[in-house]
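Participant: kindly return the folded structure for what I paste below:
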Amino acid sequence: MTAVLPFKDDEIHNGLSPIGQPLKNGNGITKQKLLNGCRTIPLSSWAPVCHPLVDPVTAEVDAWFLDNWAFPNEKARKKFVAAGFSKVTCLYFPFAKDDRIAFACRLLAILFLIDNLLEHMSLEEGKAYNKRLMPLARGDAQPDRTIQVEAMFYNLWASMREKDQHLADQVLEPTFVFMRAQTEGIRTEITELGQYLQYRERDVGKALLSALMRFAMDLHLSDEELAEMKEVEQNCAKHISIVNDIYSWEKELKQSQVAVEEGSILCSGVKVLADSTGLSIEAAKTCLWSLVREWELKHELLSSEAHITSQFSEAQKLYLKGLEYQMSGNELWSRTTPRYLVVD
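Facilitator: Numbering: from 1, shown residues only. All right, here's what the predicted structure looks like:
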């Protein structure tokens with residue numbers, strides 16, 4: 001893979017560093033303030049890194065969707081491009097193989113688009129919609145090629161299996177867990193943060209991201225090695241879930257106010273914490289930011305020489321570093337994407 005270049009202070013653009021370069025500590029910022037201007041976000045010591053092929057891969061993947069996906073109008077097409085789904089994938093997986101990163105970009109982008117569709121369905125309608133897609137991913141059923149999402153989903157998974165059937169098959173079940181969580185009735189009943197974080201581990205697709213990272217990096221871990229990663233993966237899931245919740249709060253709140261479908265019911269750690277503690281939304285966000293930084297410290301502890309055994313393989317060590325990049329990359333993208341910043 002193309003080498004990652006050292007960061008140069010004056011070259012940040014559009015929230016991302018130049019191709020393949022790590023960003024400043026604090027996700028490219030020195031100080032952040034919440035919307036009311038009264039609270040600062042504690043800085044991270046981590047520096048996100050972006051895959052060196054982010055620009056050409058983004059152009060390739062965006063073109064695939066613009067040519068094939070049934071966007072309702074030109075505004076929706078522009079909104080898709082602006083969201084930067086390939087950019088977040090390149091931040092999630094900066095050390096993906098050059099010939100595999102586009103597969104990961106396509107899969108995460110199509111899941112984001114499906115998630116948008118589910119917001120306008122009841123939970124039962126969403127379950128039926130996803131249930132139709134799952135056998136297409138496995139290759140057990142043929143798509144209706146007049147329905148773009150079916151054809152694209154089928155073709156994408158077939159191409160992933162052609163590239164690496166073993167690692168592609170390992171992505172299947174985590175993807176289905178994520179898709180089922182999108183339409184779980186429990187999302188309407190959660191009132192406690194611990195319960196919420198357990199649900200979000202499925203809904204945020206943490207197992208999916210981990211399996212997809214292994215596919216993208218051509219990283220093979222045994223079942224025993226993966227079992228040793230469970231605690232650090234759960235910690236990572238909390239970080240990604242809550243960072244997404246903080247930055248997407250205004251978007252999710254607006255969607256819940258204008259839509260009557262069950263898929264738009266507000267399910268956010270921000271609301272759960274505010275409701276259960278009597279704090280304001282901004283105060284809840286502040287508390288959650290403290291948790292986010294504590295989860296980073298916990299990740300560093302779990303990845304330290306004092307914690308891992310001498311038997312840890314190089315693949316496991318690379319996997320741990322990859323999880324760090326998922327968290328830092330997700331924070332940068334969440335902070336800069338119009339998907340969260342632009343509330344229609």
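
Participant: surely Cys287 and Leu273 touch.
Facilitator: Yes - using Cβ atoms under 8 Å, Cys287 is in contact with Leu273, at 6.3 Å. Yep, even glycine has a C-beta here, placed from its N, CA and C like the rest.

Participant: who's more crowded, those two?
Facilitator: The neighbour count for Cys287 versus Leu273, taken as other Cβ atoms under 10 Å, is higher for Leu273 (22 against 15).

Participant: list the contacts of that one.
Facilitator: By Cβ atoms under 8 Å, 6 or more residues apart in numbering, the contact list for Leu273 reads Leu193, Leu279, Ala284, Cys287, Leu288.

Participant: returning to what we had before: identify the contacts common to Cys287 and Leu273.
Facilitator: Counting by Cβ under 8 Å, 6+ apart, the contacts common to Cys287 and Leu273 are Leu279.

Participant: and Phe153, what does it touch?
Facilitator: Contacts of Phe153 by Cβ under 8 Å, 6+ apart are Ile110, Leu133, Leu136, Ala137, Pro143.

Participant: next: Ile190.
Facilitator: Counting by Cβ under 8 Å, 6+ apart, Ile190 touches Tyr196, Tyr199, Cys267, Val272.

Participant: only alpha carbons, please: show the lowest-mean-pLDDT helix or strand in the chain as CSV.
Facilitator: The helix or strand of the chain with the lowest confidence, counting by mean pLDDT, DSSP states H and E, is helix 193-203 at a mean of 84. Extracted in CSV, the C-alpha atoms of helix 193-203 (Å, rounded to 0.1, in the frame of the first residue of the first chain):
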residue,chain,number,x,y,z
LEU,A,193,-27.4,4.2,29.1
GLY,A,194,-25.9,0.8,29.7
GLN,A,195,-28.8,-0.9,28.0
TYR,A,196,-28.5,1.7,25.2
LEU,A,197,-24.8,1.0,24.6
GLN,A,198,-25.5,-2.7,24.4
TYR,A,199,-28.1,-2.1,21.7
ARG,A,200,-25.8,0.4,19.9
GLU,A,201,-23.0,-2.1,19.7
ARG,A,202,-25.3,-3.9,17.2
ASP,A,203,-26.9,-0.9,15.6
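
Participant: list the buried residues of that helix.
Facilitator: Leu193, Tyr196, Leu197, Gln198, Tyr199, Arg200, Glu201, Arg202, Asp203 (16 or more other Cβ atoms under 10 Å).

Participant: for stretch 300-313, same thing?
Facilitator: Buried residues in stretch 300-313, defined by neighbour count with 16+ other Cβ under 10 Å: Leu302, Ser303, Phe312.

Participant: would you say the last one is within a strand?
Facilitator: Going back to what we said before, that points to Phe312. No - under DSSP: H, G, I helix; E, B strand; the rest coil, Phe312 sits outside any strand and is assigned coil.

Participant: find the residue closest to it in space, skipping its chain neighbours.
Facilitator: For Phe312, the nearest residue in space outside its immediate sequence neighbours is Glu228; the separation is 7.7 Å by Cβ to Cβ, 6 or more residues apart in numbering.

Participant: one more: the second one?
Facilitator: On the basis of Cβ to Cβ, 6+ apart, the spatially nearest residue to Ser303 that is not a chain neighbour turns out to be Leu320, at 4.5 Å.

Participant: return the member of the contacts of Leu273 nearest to Lys87.
Facilitator: Lowest distance from Lys87 to those (Cβ to Cβ) belongs to Leu288, with 24.1 Å.

Participant: and whatever helix or strand the closest one lives in, what does it pack against?
Facilitator: Element membership for Leu288 (DSSP states H and E) is helix 281-302. Contacts defined by 3 or more Cβ pairs under 8 Å, 6 or more residues apart in numbering; DSSP states H and E place helix 281-302 against helix 230-258, helix 269-277, helix 314-336.

Participant: of those helices, flag the one that's most buried.
Facilitator: Each of these was assessed for mean neighbour count using mean count of other Cβ atoms under 10 Å. The highest is helix 314-336, with a mean of 21.

Participant: can you name the element that comes right after that one?
Facilitator: helix 338-341.

Participant: how distant is that following helix from the center of its chain?
Facilitator: 14 Å (Cα atoms, centre = their mean, to the nearest Å).
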